[in-house]
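K.L.:
when you get a sec, could you give me coordinates for this:
(chains A and B)
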Protein chains: 2
Amino acid sequence: MSRFLTPKYAGLATYIPGEQPKGIRYIKLNTNESPFPPSPKVAGAINLSVIDGLKLYSDPTAGKIRKAIADFYGLNENEVVATNGSDEALMLAYFALCGGGGDIVAPDVSYGFYPVLAGLLGLPGETIPLKTDFTVDVEAFCKTDKHIVLANPNAPTGIALTLAEMEKIISSNLDRVVIVDEAYVDFGGQSCIPLIRKYDNLIVVQTFSKSRSLAGARLGFAAGQASLMSDLDRVRDMMNPYNINSMTELAGIAAMEDKSYFEACCAKIIENRGFLSKSLAALGFEVLPSSTNFVFARHNRIPGKVLYERLKAEGILVRHFDKKRIEDYNRISVGSRGDMETLIKKLSEILLQ
Amino acid sequence: MSRFLTPKYAGLATYIPGEQPKGIRYIKLNTNESPFPPSPKVAGAINLSVIDGLKLYSDPTAGKIRKAIADFYGLNENEVVATNGSDEALMLAYFALCGGGGDIVAPDVSYGFYPVLAGLLGLPGETIPLKTDFTVDVEAFCKTDKHIVLANPNAPTGIALTLAEMEKIISSNLDRVVIVDEAYVDFGGQSCIPLIRKYDNLIVVQTFSKSRSLAGARLGFAAGQASLMSDLDRVRDMMNPYNINSMTELAGIAAMEDKSYFEACCAKIIENRGFLSKSLAALGFEVLPSSTNFVFARHNRIPGKVLYERLKAEGILVRHFDKKRIEDYNRISVGSRGDMETLIKKLSEILLQ
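P.N.:
You can find the predicted model right below:
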């Protein structure tokens, strides 16, 4: 820290990404990446003429990827804002809604980036506890008059609310915005995108990092009514007008257009998740019902952190959160069938020790 | 605008990028892009295994590109922060220094993004007028106790301060930071990077968009003492922890490592700038002395805006700013020799009409 840093930032927590191992080759089940490469059409899209074309600026309106996303979901281009990962979409929404104060309420157990954004903006960052079964407390969220951010399905629990429950929250107070973070929705959740035309207080955020295998390309988007999207776009224009690079835009379009590959990858993840959940249960794990590409599980014979460390020593990375309500659990990304089998074998051995 | 937008943003100006023509093929001399493709090594760096690897997150520390930049300039990695274009570096610096108020002073005629950032943060955005010859008023900048942002060479004038003049400003008050935006420094300016170890109140910002032909890849960086860089990095971690995508990181490394290609491109631009400046002068233009990849020129027989429009009608885009002190001028990017010859031919015809 220098003597010039704005003092209010000094004590704030920053986001802690999952470990990105260097050197040692781990089976990496800690950051919910896809075990599958992106659509083969992505490689075809990044050709030599694209590389040579990098001498020119990318399109500051990111018009082509916005159109591809809009077409996929039956929206208009002005109902979509493309962002440098969905983190940027969340950040723009926080600034647009609460740049002058206010607050955005989140569940106490959810994506770790929400409290970081609240801290950055000096917001109280109020939370509403998940119920004892780790489901979102729909009634409590209906009652708040603050803006809301909800990951649906939620992370790291993996549990989803139904579309009817989401609509109940969105419609319970039309004078505050509900940001629905659908990073994991393609693995079994119900998207709120069909509600966009009905509610002008809804922002849906999605990412290309999970179901479209493009975590390294950094692409996400916000969707909502045009007026709300123009607010996010205004903040984007003030912060970083050329936020999407040309290669990522083309990679995203190719991924969006290859619907059959996307559907096949999601189906395979759901299949592997079924295998993983069943195998974990057979080993005595308690596994929360997942609608995502990860499972959240605990075992009554071994503390969460110890299990995380034993697996790491065996060359398998999972994600453990040193946080009160969830310290007994580990979040395990759903990988290839082979990786799931290796994991189950190692877990059996650890539990026998 | 929706009813939810933070009210203070509503009346603010956003950044207006240069026109990005769609459809019609213009000779594009309006956004200071390079006429040359990136180093051939960039294409080699973005191979199939890189595309397949996009399923994994990019490195949130962007360690490899930071090392490549640091190596090039004889710095340590912790003296460099990699950013999604140099606009992001500027934005992070503004937040780190003035997230709680204060101000950053800029020349009245300079890069249009500075007042946008000041507006976003609710800063007064004080300016110090350029002198009548369009040079930066060194004495006046020495006297201010506010933070300073200076493009050196300046845009859209193209005029550079010497390293001695920059050091005079930096050292005149060690209790405020000087951000030196060196977007154009490789075309004849003197970089302040050698002053970094001497002054803990210096931030140098550079971009890969001009001299490294990677405008479409979105890559820039800030350099400064480790303490100051850790401040920018802290804000980056709170806003967008994975800001650099994997493809851009590799493209940047390849461009940085190909020093001879970089030097050849810069030399060619400087040569073409000489031809352009001389030819414009021969046509009766007044041309400011440029240390950049553009020239700023006016002609006493034709208003700046009229000339801009005539050239556009002829298929050539240059940049005109509807701003009081500079409305007589146009900013013309230095392109290939062929494009420069076409431009001069068209200008001769326009002036004969």
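K.L.:
residue A:330 in helix, strand or coil?
P.N.:
Put simply, residue A:330 is strand when judged by DSSP: H, G, I helix; E, B strand; the rest coil.
K.L.:
what's the neighbour count on the closest residue in space to residue A:82 that isn't next to it in sequence?
P.N.:
Once flanking residues are discounted, residue A:82 sits nearest to residue A:62: 4.1 Å by CB to CB, 6 or more residues apart in numbering or on different chains. C-beta here means a position set from N, CA and C on the backbone, and glycine is covered the same way. Neighbours of residue A:62 under the rule other CB atoms under 10 Å in any protein chain shown: 28.
K.L.:
for residue A:62, give me its contacts.
P.N.:
Taking CB atoms under 8 Å, 6 or more residues apart in numbering or on different chains, we find residue A:62 in contact with A:82, A:243-244, A:249.
K.L.:
ok, now with 6 Å
P.N.:
When contacts are counted by CB atoms under 6 Å, 6 or more residues apart in numbering or on different chains, residue A:62 touches A:82, A:244, A:249.
K.L.:
quick one: which of those residues sit in helices?
P.N.:
Among the contacts of residue A:62, DSSP state H puts residue A:249 in helices.
K.L.:
in a markdown table: the contacts of residue A:62, plus pLDDT.
P.N.:
Output for the contacts of residue A:62, formatted as a markdown table (pLDDT from 0 to 100):
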| residue | pLDDT |
| --- | --- |
| A:82 | 98 |
| A:244 | 98 |
| A:249 | 98 |
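K.L.:
near chain B, which residues of the stretch 101-250 of chain A are found?
P.N.:
Proximity of the stretch 101-250 of chain A to chain B is confined to A:116, A:120, A:177, A:213-218, A:227-228, A:231, A:234, A:237-242, A:245-248 under the rule CB under 6 Å from any CB of the partner chain.
K.L.:
going through these, which ones are buried?
P.N.:
Using 16 or more other CB atoms under 10 Å in any protein chain shown as the burial test, these include A:116, A:120, A:177, A:213-218, A:228, A:231, A:234, A:237-242, A:245-248 as buried.
K.L.:
restricted to strands, list these.
P.N.:
Applying DSSP state E to these, no entry is found in strands.
K.L.:
pLDDT weak spots in chain A?
P.N.:
For chain A, the stretches with pLDDT under 70 are A:22-23.
K.L.:
quick check: longest helix in it by residues?
P.N.:
Chain A, longest helix under DSSP H: helix A:259-282.
K.L.:
how does chain A divide into domains?
P.N.:
A:7-37+A:260-352, A:40-258 (automatic domain parsing).
K.L.:
most tightly surrounded among these?
P.N.:
Highest mean neighbour count of these: domain A:40-258, a mean of 22 (counted as mean count of other CB atoms under 10 Å in any protein chain shown).
K.L.:
any idea how far it is from the chain center?
P.N.:
9 Å (CA atoms, centre = their mean, to the nearest Å).
K.L.:
span of it from start to end?
P.N.:
One end of domain A:40-258 to the other measures 9 Å (CA to CA, to the nearest Å).
K.L.:
cool, and stretch A:42-49?
P.N.:
Stretch A:42-49 has an end-to-end distance of 14 Å (CA to CA).
K.L.:
and chain B, is it touching that?
P.N.:
Yes. On the criterion CB under 6 Å from any CB, stretch A:42-49 is in touch with chain B at A:42-43, A:48.
K.L.:
closest to chain B out of these?
P.N.:
Closest to chain B out of the residues of stretch A:42-49 next to chain B is residue A:43 (4.4 Å), distances taken as CB to the nearest CB.
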